[in-house]
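Asks: here is the input, now give the coordinates:
(one chain, ligands or ions: 1)
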Amino acid sequence: MNLNIADKKSSGVEKKILKFPEGFLWGSGTSAHQVEGGCYNDWTQWERTRAEQQAARGGSTFHMPIDPILRKQARNPENYKSGKACDQYNRYEEDFDIVKSLHQSAHRFSLEWSRIEPEEGKFDEKEIEHYQKVVRALRARGIEPFITLWHYTTPTWFSQQGGWINPKAKQQFLRYVAVITERLKDDVNFWITENEPETVARDSYMLGTRPPFKKNIFKAFKALNTLVEAHNDSYDVIHRIDSKAKVGCSEGLVFFESYNNWPHNLLVKKILEYWRNGKFIPRIAVKSDFIGLQYYFHSRIRLHPFKSWKGFQFNDNKKMSDMGWEIYPEGICHILKSLKKYNLPVYITENGLADYRDFYRTDFIQDHLKWIHRAINDGVDVRGYFYWSLIDNFEWESGFWPRFGLVEVDYKTMARKIRPSARVYANICKSNQLEISN
Ligand code: BGC
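Replies: A predicted model of the protein is given here:
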């Protein structure tokens, strides 16, 4: 696609205007457990038992804040209990008013399966009606809903039976998918069946850092296999109920590079690339109307056989989020181009950073969009961008201290405050274009 790139000269500074395709969707996202509050699922059980341990360590295994202000928060056990979260269950109208005021045309959020089916096979009518109201509240504001059917958390009865490695898991999920599609289909066009299944297979079944804490590569493969089949069959179930629905799945892909051409680095790169990027997408692409891409990571492999794991990845880019994640916008363009072979539309369903001072966020968004625009010009059919996240929220095993939001949340008063970067993003959403300095 050859998009319009216009030059503009104002006050002596050369500006370039990057126009996005007509109808491009602009938005941001959340997930139920991270924002709603009052959840009861496999994660809330974890939060009760692990909070003290995490606090004693000063953070989760992988994410220890360096900033002293954040470190203090990470040492507080309360940080690790989702509790009332952002109380979005009760404040969704207020949050959607913000979405509208920020000129976003689409919004991604997830349904909490454990509310809808608190007991196996028993569906809670009140909760289904709640989500009908949520979807209609978006529609009333002219915002396109993107629904994630499953974003990490599961009902306790599901996890007690073995979670995604239980032979009945797929059928249990499909039953829920059928019920909810039937009830929401009139107001929903876009369905995301699963959020980052590879992350769940890896962290929950192989590394054992998340519920249900399994450390077994065979179980990880088994869980992933079930998730592939659950996605593919959900595609059929949803289409049977609504033939016009658009169904996809969101996966987090990593841009890997080898630091040099040494064979061991190249080999490790290949293996990691296979596990993170290559295993899942090809198997679900056959049953997808679009691909949901989530991009957070770039990894330059530099394995030092005689040093610790610290020498494993080498990033010479000094810009880091509060979680220590490297900021590497160019990577999104490489990943997008690698998806071209599937010949499917792509929605970027997550891309964002924890940045409590809102120091990097504006550049982060603009720089990623610049590279996304480049990918579109190179022929990738990108149709939308969802910044992660709309509001600060409960960041899983790291708790509340990482702040990803375009909107700041005061967890004591639940007051929302729009960050300056959100205003810049709002202008992009409104004009469907990005202005950059030449
Ligand atoms: C998950 C989000 C999470 C974000 C930042 C994504 O992989 O889908 O739930 O908050 O990463 O860690």
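Asks: flag every residue of the stretch 251-400 of the chain that's near the ligand.
Replies: 252, 294, 350, 388, 395 (C-beta under 6 Å from any ligand atom). Where you see a C-beta, it was placed from the backbone N, CA and C, and this is true even at glycine.
Asks: for Gln171, give me its contacts.
Replies: By C-beta atoms under 8 Å, 6 or more residues apart in numbering, the contact list for Gln171 is empty.
Asks: do the same with Thr181
Replies: 191, 237-238, 241-242, 245.
Asks: those in helices, which ones?
Replies: Counting by DSSP state H, the part of the contacts of Thr181 found in helices is 237-238, 241.
Asks: most neighbours, which of those residues?
Replies: In terms of neighbours by other C-beta atoms under 10 Å, the ones in helices among the contacts of Thr181 top out with Ile238 at 25 neighbours.
Asks: so that one touches Gly248, yeah?
Replies: No - using C-beta atoms under 8 Å as the test, Ile238 is too far from Gly248 to be in contact (10.6 Å).
Asks: next, give phi and psi for the residue nearest the centre of the chain.
Replies: The C-alpha lying nearest the average C-alpha coordinate of the chain belongs to Glu350 (C-alpha atoms, centre = their mean; 4.3 Å). Note on Glu350: backbone dihedrals following degrees, to the nearest 10 are phi -150, psi 140.
Asks: OK, contacts around it?
Replies: 29, 250, 252, 294-296, 386, 388.
Asks: for Gly331, same thing?
Replies: Contacts of Gly331 by C-beta under 8 Å, 6+ apart are 254-255, 295, 297-298, 371.
Asks: ok, Glu273 next?
Replies: 254, 256.
Asks: what strand or helix carries Arg115?
Replies: helix 113-116 (DSSP states H and E).
Asks: same question for Pro145.
Replies: Applying DSSP H and E, one finds Pro145 within strand 144-148.
Asks: so what are the sheet partners of that strand and their directions?
Replies: strand 106-110 (parallel), strand 190-195 (parallel) (DSSP bridges).
Asks: now render the ones you listed as CSV, adding mean pLDDT.
Replies: Below are those laid out as CSV (pLDDT from 0 to 100):
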stretch, mean pLDDT
strand 106-110, 99
strand 190-195, 98
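Asks: can I get the ones you listed in TSV with distance to His63 and mean neighbour count?
Replies: Shown next, in TSV, are these (distance: least, C-beta to C-beta, whole Å; neighbours: other C-beta atoms under 10 Å):
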stretch	distance to His63	mean neighbour count
strand 106-110	22	26
strand 190-195	19	25
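Asks: among these, which is nearest the ligand?
Replies: Nearest to the ligand, of all the strands paired with strand 144-148, is strand 190-195, at 5.0 Å by C-beta to the nearest ligand atom.
Asks: so what does the following helix or strand past the closest one touch, helix or strand wise?
Replies: Sequence order places helix 197-200 as the next helix or strand after strand 190-195, per DSSP H and E. Using 3 or more C-beta pairs under 8 Å, 6 or more residues apart in numbering; DSSP states H and E, the elements in contact with helix 197-200 are helix 217-241, strand 246-258.
Asks: Trp26 is in contact with His107, correct?
Replies: No - between His107 and Trp26 there is no contact under C-beta under 8 Å: 10.0 Å.
Asks: residues contacting the residue nearest to Leu406 when sequence neighbours are not counted?
Replies: In this structure, Leu406 finds its nearest non-sequential neighbour in Ala422, 3.7 Å apart by C-beta to C-beta, 6 or more residues apart in numbering. Going by C-beta under 8 Å, 6+ apart, Ala422 touches 102, 406-407.
Asks: so for the residue in the stretch 201-350 of the chain that the ligand sits nearest to, what's the pLDDT?
Replies: Closest approach between the stretch 201-350 of the chain and the ligand, counting by C-beta to the nearest ligand atom: Gly252, at 4.9 Å. If you check Gly252, the pLDDT there is 97.
Asks: what comes into contact with stretch 239-250?
Replies: Counting by C-beta under 8 Å, 6+ apart, residues outside stretch 239-250 touching it are 148, 178, 181-182, 185, 188-197, 231, 234-235, 238, 284, 287-294, 344, 347, 349-350.
Asks: quick one: mean pLDDT over the helix holding Arg115.
Replies: Helix 113-116 shows a mean pLDDT of 98 in the predicted model.
Asks: could you say which helix or strand holds Ala85?
Replies: Judged by DSSP H and E, Ala85 forms part of no helix or strand.
Asks: so, in contact with the ligand or not, stretch 102-115?
Replies: No - Stretch 102-115 is not in contact with the ligand by C-beta under 6 Å from any ligand atom; minimum separation 8.8 Å.
Asks: among the contacts of Glu350, who's most crowded?
Replies: Gly29 (29 neighbours).
Asks: isn't that one right up against Arg108?
Replies: Yes - at 3.5 Å, Gly29 and Arg108 qualify as touching, with contact defined as C-beta under 8 Å.
Asks: any chance you could list residues touching both of those two?
Replies: Common neighbours of Gly29 and Arg108 (C-beta under 8 Å, 6+ apart) are 146, 349, 386.
Asks: for the residue of the stretch 1-150 of the chain found nearest the ligand, give me its contacts.
Replies: Taking C-beta to the nearest ligand atom, the ligand has its nearest neighbour within the stretch 1-150 of the chain at Ser31, 5.1 Å off. For Ser31, the contacting residues are 109-110, 148, 151-152, 195, 393, by C-beta under 8 Å, 6+ apart.
Asks: turn these into TSV, columns for distance to Asn432.
Replies: Putting the contacts of Ser31 into TSV (distance: C-beta to C-beta, whole Å) gives the following:
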residue	distance to Asn432
Phe109	23
Ser110	27
Thr148	25
His151	28
Tyr152	32
Asn195	27
Asn393	27
